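Participant: sequence first, then the predicted structure, then my questions.
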Amino acid sequence: MRPFQYMRPDGLGHAGQLLGDGARPIAGGTNLLDLMKLEVEVPDRLVDLNRLPLGGIEPTDNGGMRIGALVTNSACAADPRIRRNYPVLARAILAGATFQLRNMATTGGNLCQRTRCYYFYNIDQPCNKREPGTGCGAIGGHNRIHAILGASDSCIATYPGDMAVALSALDATVEIERPDGTSRQVPVREFHRLPGDTPQLDNVLEPGEVITAVILPPPAGGRQLYRKVRDRASYAFALVSVAAVVRMDGDTIGSAALAFGALAHKPWHDPRVEQLLAGQAPSDALFHQAADLLLQDAEGQGENDFKIPLTRRTLLAVLREATGGAA
Amino acid sequence: MTRSLTMDRPDDRNRLDAMAQGVIGQPLDRPDGPAKVTGTAPYAAEYPVDGMAEGVLVTATISKGEVTAIDEQSVLSMPGVLAVISDQRMTARAAQGGAGEAPVQQVRQVQYYGQPIAVVLAETFEQARDAAKHLKVTYREDDDAVTDPHDPAAPTETYDEPIDQGNLAQAMAQAAYAVDVTYTTEGHNSAPMEPHASIAEWDGQTLTLHSSLQMLAYNQKELADSLDLAPEQVRLISPYVGGGFGSKLGISPEGVAASVAAMQLNRPVRVVMLRQQVFQCVMRRSETTQRLRLAADANGRLTGFGHEARVSNLPEEEFAEPVTQASEFLYPGEHRRLAIELARVNLMTAGSVRAPGEAVGMQVLESAMDELANAIGMDPVELRLRNIPDQHPSEGIPYSSRKLVECLKAGAERFGWDGSDRTPGQRREGEWWIGTGMANACRVHNINEAQARVTLSPDGTAIVASDMTDIGTGTYAILGQIAGEMLGLDPADVLVQLGDTTLPPGSGSGGSWGAASTGSAVFEACEAIREHLAEQLGTTEEELTLKDGFAIAGNRRVALPDLLAGAEVERTGHFKPGEITEAFAAAMYGAFFAEVAVNAYTGETRVRRFAGAFSMGRVLNEKTATSQCMGGMVWGIGSALTEELTFDARDGHLVNPDLAEYHIPVNLDVPHLDVVLVDERDPAGSPLQAKGVGELGICGAAGAINNAIYHACGVRVRSFPMTPDKLLAELPDP
């Protein structure tokens, strides 16, 4: 670990000023500290956000909820309003990490967790995300956990988290404070980005910006599922995950919001799939059509080819369950 | 006074059962437990030493070649950095178990990616780690590194003498039922919770090393040889070891580096391996490719038996994963071929990882046996029962006590085994296919030379002392129980001192031999003390009863302090394996029964129930023995489903060198483990009539899970670990 300065801002504005080049914000630190020990992250300054007034889960005027950026994963998943009205979120959070990590990890920090790509984690290996221009070790290397959608020639890493996948299905919004004190709102579906030629950028946060909250729309109702497929029963990142919010309208699907984890550099959301399902009577044929559409452009790297059939099968399981067991 | 026993023949006296204290075998708590769980038991890196410098190893980033230059100046100006050392005395590899001599020392000749090449010293650990990452190293890289162990072009050699009897090919051709299958297993890491760590302190020409080691008497010689010292100049202290599993059998690079650095800096030095280094530069279990050929007659009796394996190791390393070790004697079949081929590769040292040989050999053998049972249409338990040889099929020697039948029956009963219908895919619960499977357990019995000193104090309490280690197995508990039983003392009145080379050299912990070997040395010392006490009491040792601190003979009952009259009695027991090791096929046996659920959509497997019945000779402590069996079964789950070292064949680096990506089972992966200990005494096992239990629980466990998966869903996975992707390819559409 390299020496760094530790700073504790007085307020949000001050945090923005401190968060210039070479600085990293820290909240729970569950990912950042590991990466600093490995020198994957080498910040000059750590700006500790923990004393800023960014806690609390509050109702919004339009019937949604506002989750402060510093609300821990444990607190969010345990909140009775979240559990009752947004079960897909509580389930997704509880599918991730461990009790100990969830007690420390925060809502804002979780959105910013970095990929688990083996080559990103090893500073002796090439990685365009860690060190732009060095190449991608995972292409042609070990890529069992890597992306099948939206990858580029410079990066095939995935976003590894669970919470953000549920937030994507819920169409939540990320509230961001700019260094000048103004704030902006970014749909969570647009918060993370695809790697393209700049895989070093995980998301759309600009320097000096701080996530202040995640805003949930009014409860969507319906059946909410989070299905995570993994190598062991706990403390393992997803091979594939599916977050689903499905509302039935009699015998047909009223709406189906779906987001997928571990397939891409961001939680994957494909509106075409949702349009295909809406208004249709559930059937295996329909579900396979949905999978066909979803996976139309899927491309394996060799070791991760299995994710394509695995995604199809997992989607099938989720849609059968969410629509009442069509088969 | 020392009392020696060379074990040439069985000890039928069964002295322990003749004792009166009644503590042997009891499920007593570990005396070291409270200190461990309250954090007051010091582990190697935790000794407070004034003025200590911190060292971090620097490891190679090529697989084969030479370090041509190390630019010390690249880090010496960094804050706190004291020195960069790449000394010819440093070691490039860990010593193999029982080596007793320095391991490979040419740190600048790189043979594998991750090999230690230097150590960076600094005032703080963080400074040293940072500098280690910045050190500029120049290499001359060879272009003939072999980094894919499956590469058919890898140089290979036949290891040891293959066993060839009769004509296996003919037996296969003529068999009523035959199975010819090839399985693979991937590399494993011991992943002990405590990383390898050492603190070195010199006092003149004498070195003290606090370290995390399994076999101190051997490690003392290894370290002395590395440093060109006499063994007496080296003191090793290792009273608590946070797991070893073979990875701490030999002195490892951080201990040697700390010693060299402490001498050069003239101050104490601590070197702790990073978790990634524990994975990359200690020991791996070799990956294996195993071909099983099983020929059976119409009654399911084996007529031919073939087990051939390919494993790998670095050039010049003698160790080859002894995959066929239990296959030599577990099953009959007069036409036999057992052989191991060793591929020479440039990957980290392959060495002993818990149950070397049987851990991966048995899981494959037992999967193939299940394939045979299915081919015949026979209950796999019945197939095992029909294939228990009368004598060692190659050597003709008798078996020592063997309770395999009892284990099969006890395990089947506890589990509720129904072997009548082995058709796969018959039971479904929601999304999950449910199936059951079983496997034999078998592990060779080893014993090793050991000494222990027992001192009976004038107050009637006792001290047991040996450089033996407790690597989490319960050595403190069982040695106290042996002495307590023999001397008629509450084990609470027996202080056990371990893990210091100033104490008599014990057997060390490894190969499941610790309890039977060092335990026998304690037993010998206690017998000598009993003889002395008998003489004091005017009786014979056989007539002497010791119980609750009293010596009893005939109608005399004397408190020990009175009998001792102010004098302590000190005896050293010295136990040596003799001809007994050649006279019998001695082994531990058992049977596993597993129930799994396989997700019909995703191929995820969950073990729902897991039972094992085991026999290991006398049980010395029911609780610690049960825990050892449970731990082995947990390893079996990992070997079956999740554990796999993944190397990048392009440069030989280990891709998953941490506990996030090398998946050992977590609590949710482990169901209730049902362990049955089958009562046994083995007079050929040791004077205690005990054998070993530290490794038995893994030997075959993953086979039972493989067989249960097949029974659940009809998919036979011949590649361990059985991750969802491998099942997915074969599962029917959901």
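Facilitator: Good, I have the coordinates.
Participant: residues in contact with stretch B:537-548?
Facilitator: With contact meaning CB atoms under 8 Å, 6 or more residues apart in numbering or on different chains, stretch B:537-548 is reached by B:19-21, B:486-490, B:527, B:530-531, B:533-534, B:551-554, B:556, B:558, B:560, B:563. Glycine gets a C-beta too; all of them are placed from N, C-alpha and C.
Participant: got the residues of the stretch 201-327 of chain A near chain B?
Facilitator: Taking CB under 8 Å from any CB of the partner chain as the contact definition, the stretch 201-327 of chain A meets chain B at A:229-236, A:239, A:306, A:309-310, A:313-314, A:316-317.
Participant: those residues: which two are farthest apart?
Facilitator: Largest separation among these by CB to CB: A:235 and A:316, giving 26.5 Å.
Participant: count the neighbours of the residue in the stretch 151-300 of chain A positioned nearest to chain B for me.
Facilitator: Nearest residue of the stretch 151-300 of chain A to chain B (CB to the nearest CB) works out as residue A:233 at 3.6 Å. Residue A:233: 18 surrounding residues under other CB atoms under 10 Å in any protein chain shown.
Participant: SS state for the closest residue to it other than its chain neighbours?
Facilitator: Once flanking residues are discounted, residue A:233 sits nearest to residue B:668: 3.6 Å by CB to CB, 6 or more residues apart in numbering or on different chains. What DSSP: H, G, I helix; E, B strand; the rest coil gives for residue B:668 is helix.
Participant: which ones among the contacts of stretch B:537-548 lie within helices?
Facilitator: B:486-487, B:527, B:530-531, B:533-534, B:560, B:563 (DSSP state H).
Participant: most neighbours out of those residues, which is it?
Facilitator: Neighbour tally across those (other CB under 10 Å): the maximum, 28 neighbours, falls on residue B:487.
Participant: could you check how far it is from residue A:201?
Facilitator: 72 Å (CB to CB, to the nearest Å).
Participant: next: residue A:50.
Facilitator: In terms of CB to CB, residue A:50 sits 25 Å off from residue A:201.
Participant: next: residue B:143.
Facilitator: 37 Å.
Participant: who's more crowded, the two?
Facilitator: Shown here are residue B:143 and residue A:201; by other CB under 10 Å, residue A:201 has more neighbours (16 against 6).
Participant: and that one, what element?
Facilitator: Counting by DSSP states H and E, there is no helix or strand that carries residue A:201.
Participant: so what's it up against?
Facilitator: The contact partners of residue A:201, by CB under 8 Å, 6+ apart, come to residue A:193.
Participant: ramachandran coordinates for it?
Facilitator: phi -100, psi 110 (degrees, to the nearest 10).
Participant: equivalent analysis for residue A:209, please.
Facilitator: phi -80, psi 150.
Participant: and if you look at residue B:132?
Facilitator: Dihedral angles (degrees, to the nearest 10) for residue B:132: phi -60, psi -40.
Participant: so it makes contact with residue B:58?
Facilitator: Yes. Contact status for residue B:132 versus residue B:58: in contact at 4.8 Å, counting by CB atoms under 8 Å.
Participant: find the nearest non-adjacent residue to residue 12, please.
Facilitator: Just going to use chain A. residue A:177 is the one closest to residue A:12 (CB to CB, 6+ apart), at 5.3 Å.
Participant: could you do chain B instead?
Facilitator: Leaving aside its sequence neighbours, residue B:12 sits nearest to residue B:683 (CB to CB, 6+ apart; 4.8 Å).
Participant: list the residues that contact the one you found.
Facilitator: B:10-12, B:14, B:400-401, B:689.
Participant: and it, how far from residue B:618?
Facilitator: Here the criterion is CB to CB. By it, residue B:683 lies 10 Å from residue B:618.
Participant: shared neighbours, these two?
Facilitator: Common contacts of residue B:683 and residue B:618, defined by CB under 8 Å, 6+ apart, comprise residue B:689.
Participant: give the contact list for residue A:6.
Facilitator: Contacts of residue A:6 by CB under 8 Å, 6+ apart are A:45-46, A:48.
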